[in-house]
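In: Let me see the structure of the following:
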Amino acid sequence: MGLIYVMPGIVGYWGNIEKPHGEALLARMLAALRVNERQANEVWADNGIGLGRLYLDSQRQNRQPVWNASATLCIVFDGELFEDEEERRVRCAQYPGADGAAQYVLSLFEATGANCIEQLNGSFVGAIWDLPSATLTLFNDRIGSRPLYFVRAGDRTLFASGLRAILADANVPRRLDRVAIAQLLSYEYALQQRSLLEGVELLPPATVMQLGPEGVAAKRYWRPVFKAVMPYRDRIEELDRLYAALVRAMERQRVTLTGAGINLSGGLDSRMVLALLCKDQRCSDLRTYTFGVPGCDDERVAKRLAQTAGAQHQFLELKPDFLLARAETGVRITDGMKGCTHLQSVAFAQQQAQSISTIYTGYLLDALSTPDVTRDCIGRFSDEEALALLHRQIWRLFPDVAPNTMFTDEFWTAAKPEFTESFRAAALEAKDQNFATWHNSFELQQRQRRFTQLGNVLLREYMTCRTPFTDRELIETTVDVSLGMRIDRFWVLQIFATYARVYGKVPWEQTGLPLVEGMHSLAIRVEHQSRWYLRNIGANWVQPIQARPYQQYESWMRAALRPWIEDLLLSPRSLGRGILRPAFQRELIRAHMAGANHAKEIGMLLSIELWLRAYVD
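Out: Numbering: from 1, shown residues only. Okay, here's the model as predicted:
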């Protein structure tokens, strides 16, 4: 079990601002950050420096900022450090007075300086004020699993766990980042450290940034590089090593199962969390949740997984109109960076928090197992060919539309040069000789990092959110695995076939087949082939095997959500934004309502529009 501070975030300023004005600014920033009525805050301010944090009231006893004994250093900290029993014993022996994550990090910093951040294993952001040197240090974990935005506004620097808190300062310009918007409407996420506002950036992953009298200096202390040269290990040896790392990652984040839960789908990520959490035991105190439409594949598969674990399972029906009540909250929490078709968890988080205090998520496992690269991508290509291939593969929205035909002339003329350069810079940062590994590294540094941040932040507003696959040792183990073991989720599938067979016997929603071959798998294959054969000879009365997704945004947007969508996206205010051509935007909505499927594109447009109305208009 790790050292935890449960809170939705931190805020602060550094620069030319007097204490009374600083206290007022911190209060506004925290008010903007707050979403949940169960959240409270603490602040400390002085001339030129101010720190604050927002936390769930269940953590009221852990006061922050935390000061050292000489009152020369203080820290605000959001997150947790991962440790098992042996690591905890060593820590307690070295720093017996550090009974929480913030105290421990501050003690390390005092003893060894900013380089101590490199030693930490966890999910965190923090800020340390060094009074004698008048230096502020901002830092985060290796993956950048928690957002921390910062901006230089006049003669001051602001930082906060949410973009909305930065906007509490009227001195921050409301200039839209056209490149970020173009990326959201192309890839479904923004590249590098961009936000929706020009000049406001995320702290890069694995970064220590120091602001002091001599200026600003930032250092990246780690990068996720898949190793090109590694010792040979046979398949069993490699699987043993990976499974041991998975088990240790879970041990570092394990809590008592009473009051713990998992959002359980039909996929592999949450199944792996369940298998590790319930290793060698029945989990009767664990609560599992599945949300979706009745009869979906996730409902069927997750129910069987929960029964296998002996967990208390609950199906939460995703209503066609849930976005009408929850979209604005989801957009606010994610700072407009997550499309409305990906906000499902916000529909139930508050309800779940009435029964559980900790929820486990499976984010990042996909990025460690190369799921999106096909075998024809294994090879070494020229840089230009690889860049073109990567760009095609990540372009998820409007893939067949030329940008100059959808964006207004003014918007695209301003955005195009940096749009192209931003992709190229992000891609080259992940470069590898083998394109499959290049793609994998890009996913880990860009899309999966953003999805982990934004997916978890929706839950952290209400509960402690634990993501075992962000464990440092696990990541370092997986980047030292051969491409042959990573491609097509091979090692993940083999873990279920070898070590977690009881969970591998449950069909996978992607294929409809168990992960472990046996009589049950054979029976399903025979059924699938029989249905195909009968239909092929004309027996149309036989129902085909069809995927039943957990959501139906395509049809919901034509029915329950249609008036809301048309009121927002066909309004003069939206059409006059100068982002999309009005005729293109109208045709997009018309075509969807007439039967085309533009649900993801409309979902992203909705998020951007709702964010603009809340924070810019």
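
In: what residue ranges in the protein score low on pLDDT?
Out: 1-7, 37-39, 56-62, 526, 531, 533, 542 (pLDDT under 70).

In: Quickly note the distance from the most centrally placed residue in it to Cys465.
Out: Taking CA atoms, centre = their mean as the criterion, Thr452 is the residue nearest the geometric centre of the chain, at 1.5 Å. As judged by CB to CB, to the nearest Å, Thr452 and Cys465 stand 10 Å apart. Where C-beta positions appear, they are placed from N, C-alpha and C, glycine not excepted.

In: same check, this time on Leu148
Out: 16 Å.

In: residues in contact with the residue nearest to the centre of the chain?
Out: 143, 145, 363-364, 467, 470 (CB atoms under 8 Å, 6 or more residues apart in numbering).

In: right, and out of the residues you listed, which lies closest to Gln448?
Out: Nearest to Gln448 among these: Leu364, at 5.8 Å, using CB to CB.

In: Quick check: nearest residue in space to that closest one, chain neighbours excluded?
Out: Phe469 (4.3 Å; CB to CB, 6 or more residues apart in numbering).

In: Can you tell me the SS state at the one you found?
Out: Under the three-state scheme (DSSP: H, G, I helix; E, B strand; the rest coil), Phe469 adopts helix.

In: State the distance from it to Phe82.
Out: Taken as CB to CB, the span from Phe469 to Phe82 is 11 Å.

In: residues contacting the closest residue in space to Thr290 that isn't next to it in sequence?
Out: Residue nearest to Thr290 in three dimensions, not counting chain neighbours: Ala302, with 4.0 Å by CB to CB, 6+ apart. Applying CB under 8 Å, 6+ apart, we find Ala302 in contact with 264-266, 270, 288, 290, 313, 315.

In: swap the cut-off to 10 Å and go again
Out: 262-267, 270-271, 274, 288-292, 296, 311, 313, 315, 506, 509, 550 (CB atoms under 10 Å, 6 or more residues apart in numbering).

In: For PyMOL, what selects the buried ones among those residues?
Out: To isolate the buried ones among the contacts of Ala302 in PyMOL, judged by 16 or more other CB atoms under 10 Å, type:
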select buried, resi 262+263+264+265+266+267+270+271+274+288+289+290+291+292+296+311+313+315+506+509+550
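
In: and the contacts of Ala302, which of them are in strands?
Out: 262-263, 288-292, 313, 315 (DSSP state E).

In: export those to CSV and tack on distance to Thr374?
Out: Putting those into CSV (distance: CB to CB, whole Å) gives the following:
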residue, distance to Thr374
Ile262, 30
Asn263, 29
Thr288, 32
Tyr289, 33
Thr290, 29
Phe291, 30
Gly292, 28
His313, 35
Phe315, 34
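
In: Now the two most distant members of those.
Out: Largest separation among the ones in strands among the contacts of Ala302 by CB to CB: Ile262 and Gly292, giving 14.9 Å.

In: From Leu81, how far off is Ala245?
Out: Taking CB to CB, one finds Ala245 at 18 Å from Leu81.

In: So these two - more neighbours on which side?
Out: Leu81 (24 against 17; other CB atoms under 10 Å).

In: Identify the bridge partners of that one.
Out: Beta bridges link Leu81 to Leu3, Gly122 when assigned by DSSP bridges.

In: sorry, back to before: neighbours of the residue lying closest to the residue nearest to the centre of the chain once chain neighbours are set aside, how many?
Out: Computed as CB to CB, 6+ apart, the closest residue to Thr452 that is not its neighbour in sequence is Tyr363, at 4.1 Å. Around Tyr363 there are 24 other residues, counting by other CB under 10 Å.

In: Going along the chain, name the helices of the stretch 101-250 of the chain.
Out: 101-112, 163-166, 178-187, 235-253 (DSSP state H, counting those that start in this stretch).

In: Which positions within the helix or strand harbouring Asp298 qualify as buried?
Out: In the assignment (DSSP states H and E), Asp298 maps to helix 297-309. For helix 297-309, a neighbour-count test (16+ other CB under 10 Å) marks 297-303, 305-306, 308-309 as buried.

In: Now do that helix: distance to the chain's middle.
Out: Offset of helix 297-309 from its chain centre (CA atoms, centre = their mean, to the nearest Å): 24 Å.
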